[in-house]
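Student: just coords:
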């Protein structure tokens, strides 16, 4: 096959078309090298998803804290919380902490 016969093939004509070549270079540039490339968009989407998950976590924590604050408005609940969490006690009162051994015995 000679070079002229090779150039007359329809596939070679399409591939060597200057508009196709320019368009292909443009697409490759936009997908990989540009500031707004597909890779950057994927990274940004992952970061957005991570931040939305954090946002949901903090919303749930805020809800739990607001429930706890409403619960602690009751004086008995406040006293119970102080005793359990901060080991506080009344005067003339002794506190005994019981700790269980969580290590497996050999």
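Tutor: All right, it came through fine. Remember, predicted model here, so these are calculated numbers, not experimental data.
Student: pLDDT wise, what is residue 14 at?
Tutor: Residue 14 carries a pLDDT value of 76.
Student: My guess is it contacts residue 20. True?
Tutor: Yes - if you go by CB atoms under 8 Å, residue 14 and residue 20 touch, sitting 6.2 Å apart. The way it works is simple: take the backbone N, C-alpha and C, and place the C-beta from them, glycine included.
Student: quick one, which of those two is more surrounded?
Tutor: Taking neighbours as other CB atoms under 10 Å, residue 14 and residue 20 compare with residue 20 leading, 12 against 9.
Student: need the contact list for that one.
Tutor: Residue 20 makes contact with residue 14 under the criterion CB atoms under 8 Å, 6 or more residues apart in numbering.
Student: Look up how far residue 79 lies from it.
Tutor: 80 Å (CB to CB, to the nearest Å).
Student: do residue 46 as well
Tutor: From residue 46 to residue 79 the distance is 47 Å (CB to CB).
Student: show me what contacts residue 71?
Tutor: Applying CB under 8 Å, 6+ apart, we find residue 71 in contact with residue 77.
Student: higher neighbour count, residue 46 and residue 79?
Tutor: Using other CB under 10 Å, the more surrounded residue of residue 46 and residue 79 is residue 79, with 13 against 10.
Student: what does the model give the more buried one for pLDDT?
Tutor: In this model, residue 79 carries a pLDDT of 89.
Student: where's it relative to residue 97, distance?
Tutor: From residue 79 over to residue 97 (counting by CB to CB), the distance is 18 Å.
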